[in-house]
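*Asks:* quick one, what's the 3D model for this:
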Amino acid sequence: SIESRRRRRVRSSFAIHYSIIPVSLDDRFAIINCTTKTQVSYEMIDWYFKNRVIWQRGKTVYKRYNAYSPDQRNHFLLINSLEINDTGQYMCLNQNTGDILKYELIVRK
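*Replies:* Residues are numbered from 1 along each chain as shown. This is a model prediction of the structure:
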């Protein structure tokens, strides 16, 4: 029935969190911290920039990005050689839960 489909959709929905991070171009790098409620391997955290995958399954093809997880709860994305066009939305996707954390990075001169 329509009601049971609706209930299933609500139960399977995921959480979305949103934060704004202002940085200066003089900083030369930016770090975004994605915190998970439970321990999650860094290989289960995907990072996106403007809906483009920049880090997935523990790897990246872009040398300016590095991700690490010292305690498997705090997952950091390091952006090296910061540029103005790094301004935009970054997303951290927890593949275990489907939770998405969104960050708006604002790079100022």
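*Asks:* ok, which stretches of the protein are helices?
*Replies:* Secondary structure of the chain by DSSP state H: the helices cover 2-11.
*Asks:* relative to residue 108, how far out is the spatially most central residue of it?
*Replies:* For the chain, the residue nearest the mean C-alpha position is residue 92 (2.0 Å; Cα atoms, centre = their mean). When distance is defined by Cβ to Cβ, to the nearest Å, residue 92 is 23 Å away from residue 108. Heads up, the C-betas are built off the backbone N, CA and C, glycines and all.
*Asks:* all strands for the protein, in order.
*Replies:* For the chain, applying DSSP state E gives strands covering 16-24, 30-35, 45-49, 52-55, 65-68, 74-79, 88-94, 100-108.
*Asks:* now render the ones you listed as JSON lines, adding mean pLDDT.
*Replies:* Below are those laid out as JSON lines (pLDDT from 0 to 100):
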{"stretch": "strand 16-24", "mean pLDDT": "84"}
{"stretch": "strand 30-35", "mean pLDDT": "96"}
{"stretch": "strand 45-49", "mean pLDDT": "96"}
{"stretch": "strand 52-55", "mean pLDDT": "95"}
{"stretch": "strand 65-68", "mean pLDDT": "94"}
{"stretch": "strand 74-79", "mean pLDDT": "97"}
{"stretch": "strand 88-94", "mean pLDDT": "96"}
{"stretch": "strand 100-108", "mean pLDDT": "95"}
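*Asks:* give me the beta-bridge partners of residue 35?
*Replies:* Under DSSP bridges, the beta-bridge partners of residue 35 are residue 74.
*Asks:* count the neighbours of it for me.
*Replies:* 12 (other Cβ atoms under 10 Å).
*Asks:* contacting residues for residue 92?
*Replies:* By Cβ atoms under 8 Å, 6 or more residues apart in numbering, the contact list for residue 92 reads 32, 34, 45, 46, 47, 75, 77, 100, 101, 103.
*Asks:* whoops, I mixed them up, residue 31
*Replies:* Contacts of residue 31 (Cβ under 8 Å, 6+ apart): 76, 77, 78, 79.
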